[in-house]
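Asks: Any chance you could fold what I've pasted below:
(one chain, ligands or ions: 2)
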Amino acid sequence: MFSRLTFPGFRSAERFADLSKFSTYCYIRDQKSVSFIRALPSALNRSISSRSIPLCPPEALSSFTVRKAGRAVFGNRPDLRTRSLVTTSKMNDVSVGFYGGGMMAEAILKGLLNRKTIAPQNMWVCELVQARREELAKLGVSVTADGEEMLSNSNTIFLAVKPNIVPIVLEDVTNFEKQNRRKQLLVVSICAGVDLGSLAAGNPRRKCIRVMPNQACLVGEAASSFTLNKKCTQEDREVVETLMGSCGLLSEVPEKSINAVTGLSGSGPAYVYMMMEAMSDAGVREGLPRAVARQLACQTVLGAAKMALEQPDVHLGELRNRVESPGGTTIAASAILENRGFRSAVIEAIREATNRAEEMSKKE
Ligand SMILES: NC(=O)C1=CN([C@@H]2O[C@H](COP(=O)(O)OP(=O)(O)OC[C@H]3O[C@@H](n4cnc5c(N)ncnc54)[C@H](OP(=O)(O)O)[C@@H]3O)[C@@H](O)[C@H]2O)C=CC1
Ligand SMILES: O=C(O)[C@@H]1CCC=N1
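Replies: Ligands and ions are numbered 1, 2, ... in the order given. Below you'll find the predicted structure:
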């Protein structure tokens, strides 16, 4: 089988399998590709779980000839656990509805559409603001102001409203469930500080998943974590992995960790923007044109993040030390950042965000 397939970017099938260390997962979307993947272990004469997905770095995707056998869609880079294979046939049964058509719903919708994980005709958004409905309709998804219409047309319901609106929309969900007892919904909440217990309000049998994504869903580079309640099945897990995996990195964590995820990566883009804004302003102060300073600041963050992700075994302090030449410019700057409490400010800020999510879980 392999003699008929070439591996540009990989010297051999053996090399392909060795790339597992990159922990980048690939969802194969048709049966031919699944057969190809399943055949790998015997061709390599060693065992790879037939349910685990072979891996390769995203940069290799464009030259990855498995495309000849079908569409391969890269999902997440979960370093924590092996993903299961989710095929298109299974996803064909998934129809996604959103309560709330704000920033995050748009980011997730675009993430899903960009990866072609779900066809636009299988996506519904219930949003009260007409201007937002009109904006989202341009994506080809169906929009409505009527929650029941969205629920009737969907089986996986994302709660993407502000946390204080969740009890209101859950009442709708409960009424719908009572009137449609044969349809079981999967409720996926992305709302900060709303726990699994609250998501099951009105129906203790409800299947609920709590996800904490961030806005980088929009560009397929989110850092998200999720946790499921006990009513969820393995299939539900695979559905959320496929949906959120197509928006970026995804890992499963215990529910007690979700508030920390919220403080770190849910809110995280804001901290990084603040840093980039400051770097950009500093460049302007030193005489660089604004556009040049902005671009340099953004690309510096992107490049540093890429290097750190590609060298997971190298301590971040070591990566920093490699930039700090003895007696040079960087160490002079690092001394100021240490002196002004840069790291402890970040640590305390993330603790504050985590505490805030915990506070919201308790009473709002
Ligand atoms: N922003 C972020 O980066 C992240 C946000 N989250 C979580 O995602 C959730 C959504 O956040 P975000 O997208 O930023 O918020 P937005 O305010 O942008 O979006 C929420 C939308 O829901 C609409 N809405 C209000 N009530 C209803 C209702 N009953 N039915 C349907 N739509 C309704 C709102 O309208 P109106 O404006 O009129 O109220 C608004 O357009 C929050 O719970 C947040 O904790 C999670 C991770 C990251
Ligand atoms: O600020 C917030 O509450 C939301 C949750 C994570 C990011 N934004």
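Asks: all contacts plus neighbour counts: C-alpha atoms, from now on.
Replies: Noted.
Asks: Run through this protein and note the low-pLDDT ranges.
Replies: By pLDDT under 70, the low-scoring segments of the chain are 1-90, 363-364.
Asks: So which elements touch the helix or strand hosting Q295?
Replies: Taking DSSP states H and E as the criterion, the element that holds Q295 is helix 290-310. Helix 290-310 sits against helix 268-285, with contacts defined as 3 or more CA pairs under 8 Å, 6 or more residues apart in numbering; DSSP states H and E.
Asks: which helices and strands does the helix it packs on pack with?
Replies: Against helix 268-285 (3+ CA pairs under 8 Å, 6+ apart) you get helix 290-310.
Asks: so the helix it packs on versus helix 268-285, what angle?
Replies: 140 degrees (axes from the mean of the first three to the mean of the last three CA atoms, to 10 degrees).
Asks: in this structure, which spans are strands?
Replies: Using DSSP state E, the strands found in the chain span residues 26-28, 72-74, 96-99, 123-126, 142-144, 156-159, 186-189, 207-212, 222-228, 248-252.
Asks: can I get the ones you listed in TSV with distance to ligand 2 and mean neighbour count?
Replies: Conversion of these to TSV gives the following (distance: least, CA to the nearest ligand atom, whole Å; neighbours: other CA atoms under 10 Å):
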stretch	distance to ligand 2	mean neighbour count
strand 26-28	27	27
strand 72-74	25	21
strand 96-99	16	28
strand 123-126	20	27
strand 142-144	24	21
strand 156-159	13	24
strand 186-189	12	24
strand 207-212	7	26
strand 222-228	11	26
strand 248-252	16	23
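Asks: As TSV, the ones you listed with distance to ligand 1 would be great.
Replies: Formatted as TSV, the strands of the chain follow (distance: least, CA to the nearest ligand atom, whole Å):
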stretch	distance to ligand 1
strand 26-28	24
strand 72-74	22
strand 96-99	5
strand 123-126	5
strand 142-144	9
strand 156-159	7
strand 186-189	8
strand 207-212	6
strand 222-228	9
strand 248-252	13
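Asks: got TSV for the ones you listed, with distance to R294 too?
Replies: TSV is the format used below for these (distance: least, CA to CA, whole Å):
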stretch	distance to R294
strand 26-28	33
strand 72-74	30
strand 96-99	34
strand 123-126	35
strand 142-144	36
strand 156-159	35
strand 186-189	34
strand 207-212	29
strand 222-228	22
strand 248-252	24
